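*Asks:* A structural model of the following input is requested.
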Amino acid sequence: MAAVAQDAVRPVRRRKLDRPAWLLPLVAALLVIAIAMAVIASNLLHHRPTVPVHPAAPPVTRSYVAQMMSATSGWSRPNGTLLRTADAGAHWKAVTAPSALLLDPNKPGSQGEGYYFLGPNMAWISRDLLLPGRPLEFVVFRTIDGGATWVQSAPVTVGGVQDVCCGSQFIWPYFLDSTHGWLLMDLDAGHQFLFLTEDGGVSWTHAATNLYTTLPSTGCEWQVPTFVTPTVGYMGITVPVCPEASKHASLLATADGGRSWHMQPLGVGPEVTCSFGCLDPGPTFVDDHNGFIDTGAYGGSGRLLATTDAGQTWSVRPKPPAYSGWLDAKTGWGWRQSRATGVSGATPSPNPVLLYVTHDGGFSWAQVANDLSGQIRSLYFVDQRDSFAVIEIAPGSQELARTVDGGTHWSVVGPITAT
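*Replies:* Purely as a prediction, here's the structure:
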């Protein structure tokens, strides 16, 4: 019995199983593969693809007046004839008028005409029409190929005008880009109309009428609109007839593309600058955040106001005693004749030009020694080194001067006339 009991509790020896020789290497290989896949998955989850950084596109030159738009291409309108150059002013070609509806003082219905230029190839011409038996209308012409071809909008009726004896004093188009544009028609202090387009000027819709009557103080006449985006825009205000603007330098502001406007004080105190028509001028924006207001743009004095938040707030910066213009948020220039123009309009020759430049957004200015002189009608930079000046050499006769070294040395390119 004891022997039987002892055998009953004796441990049972398990038979050792034979493992194939290839099993351990296989497990190790699978483990390595799993680790590698885990690392790859982690990298994919946390990897941020590299985005190529491209240099910012140069700002597009824009203007209400015909001028050089790049170092080689530009427009001019001596004696009312539209000209274009593609070789920096060496030769000028007359641009064929887009339509017989354009301004002709010898034809009935010929009244206001406005221009807008955007870059070297794109331009718009606006014309109002006052024809017997028809309401007041306007048309807009557009070219995208430097004036070789033009597209005309359908006539747009200006409603709410009764017994109009004459066309508009001003009919100004403004374009933010090739698509979004606005047109201000100013008949008189009681008849101002704003229209907008979202297809480059092919069709137009009414945006606002006689805006100043809706403001806190009546008599606040509009100026030309400027837009930062398709919805955010501003207008300057005529000061003497606008008591609210006389108290505080102000702009008219819109956030819905020009359909409604409100008075926006600039936060810098009063700014009545009668040297250029007693108005709070509109801003110039160089991008969708940075803009400037030169309150002495035509008088050579005043203040320089700047914004970095698309016009929401403004601050005062130093400015030279000169006209000013801007390439970008940092680079600007100022210029004026060293001798004032006489009552007759004649200026003693030579009449040197005082030229200033800033590279820090107007916080500091440096005078640029230069050899430019003469009766300067306009001066503007198209990039950091290229600038052009229109010099009047006789009544109705102009020539183009150019610098390629930032304004130090100038040379006359030639007369501005069709060749």
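
*Asks:* quick one: end-to-end length of stretch 141-153, please.
*Replies:* 6 Å (C-alpha to C-alpha, to the nearest Å).

*Asks:* do the same with stretch 319-336
*Replies:* Note: stretch 319-336 ends 13 Å apart using C-alpha to C-alpha.

*Asks:* check stretch 75-86 too.
*Replies:* Counting by C-alpha to C-alpha, you get 9 Å between the two ends of stretch 75-86.

*Asks:* report the residue spans of the stretch 1-150 of the chain with pLDDT below the cut-off.
*Replies:* Scanning the stretch 1-150 of the chain for pLDDT under 70 picks out 1-29, 32, 34, 36, 38-60, 99-111, 131-132.

*Asks:* could you pull out the helices for the protein?
*Replies:* Assigned by DSSP state H, the chain shows helices spanning 2-9, 23-46, 243-247.

*Asks:* touching, residue 402 and residue 385? I think so.
*Replies:* No. Residue 402 is not in contact with residue 385 according to C-beta atoms under 8 Å; the separation is 10.6 Å. Quick note: C-beta positions are derived from backbone N, CA and C, even for glycine.

*Asks:* for these two, indicate the residue with more neighbours.
*Replies:* Remark: of residue 402 and residue 385, residue 402 carries more neighbours, 19 against 13, as counted by other C-beta atoms under 10 Å.

*Asks:* if I pick the more buried one, what's in contact with it?
*Replies:* Residue 402 sits next to 88, 89, 386, 387, 388, 389, 410, 411, 413 when contact means C-beta atoms under 8 Å, 6 or more residues apart in numbering.

*Asks:* give me the beta-bridge partners of it?
*Replies:* residue 388, residue 411 (DSSP bridges).

*Asks:* same deal with residue 250?
*Replies:* residue 265.

*Asks:* wait, it touches residue 267, no?
*Replies:* No. With contacts counted by C-beta under 8 Å, residue 250 stays clear of residue 267, the gap being 9.7 Å.

*Asks:* out of those two, which sits in the more crowded spot?
*Replies:* Neighbour tally, residue 250 and residue 267, criterion other C-beta under 10 Å: the higher count belongs to residue 250, 24 against 14.

*Asks:* where does the more buried one land on pLDDT?
*Replies:* Looking at residue 250, its pLDDT reads 75.

*Asks:* please report the distance of it from residue 209.
*Replies:* 21 Å (C-beta to C-beta, to the nearest Å).

*Asks:* next one: residue 154
*Replies:* Residue 154 is 20 Å from residue 209, by C-beta to C-beta.

*Asks:* so for the two, which residue has more residues nearby?
*Replies:* Between residue 154 and residue 209, counted using other C-beta under 10 Å, the more crowded position is residue 209 (17 against 11).

*Asks:* for residue 195, see how far away that one is.
*Replies:* 10 Å.

*Asks:* ok, how many other residues are close to the residue lying closest to residue 294 once chain neighbours are set aside?
*Replies:* Ranked by C-beta to C-beta, 6 or more residues apart in numbering and with sequence neighbours excluded, the top spatial neighbour of residue 294 is residue 324, at 4.7 Å. For residue 324, the count of nearby residues is 24 (other C-beta under 10 Å).

*Asks:* so where is the stretch 301-419 of the chain shaky, pLDDT-wise?
*Replies:* In the predicted model, the stretch 301-419 of the chain carries pLDDT under 70 at residues 301-302, 339-350.

*Asks:* mind listing the strands for it?
*Replies:* Secondary structure of the stretch 301-419 of the chain (DSSP state E, counting those that start in this stretch): strands located at 304-307, 315-317, 323-326, 332-337, 353-358, 366-368, 375-381, 387-394, 397-403, 411-415.

*Asks:* tell me which of the ones you listed lies nearest to residue 286.
*Replies:* Residue 286 sits nearest to strand 323-326 of all those, at 5.2 Å, using C-beta to C-beta.

*Asks:* neighbouring strands of that closest one in the sheet, and parallel or not?
*Replies:* Here strand 323-326 is paired, per DSSP bridges, with strand 332-337 (antiparallel).

*Asks:* the partner strand vs strand 375-381, what angle?
*Replies:* 170 degrees (axes from the mean of the first three to the mean of the last three C-alpha atoms, to 10 degrees).

*Asks:* okay, now residue 360: neighbour count?
*Replies:* Using other C-beta under 10 Å, residue 360 has 12 other residues around it.

*Asks:* residue 418 too?
*Replies:* So residue 418, with other C-beta under 10 Å, has 13 neighbours.

*Asks:* show me what the residue lying closest to it once chain neighbours are set aside is bridged to.
*Replies:* Leaving aside its sequence neighbours, residue 418 sits nearest to residue 94 (C-beta to C-beta, 6+ apart; 4.4 Å). Beta-bridge partners recorded for residue 94 (DSSP bridges): residue 83.

*Asks:* ok, now how distant is residue 94 from residue 396?
*Replies:* Separation of residue 94 from residue 396 (C-beta to C-beta) stands at 16 Å.
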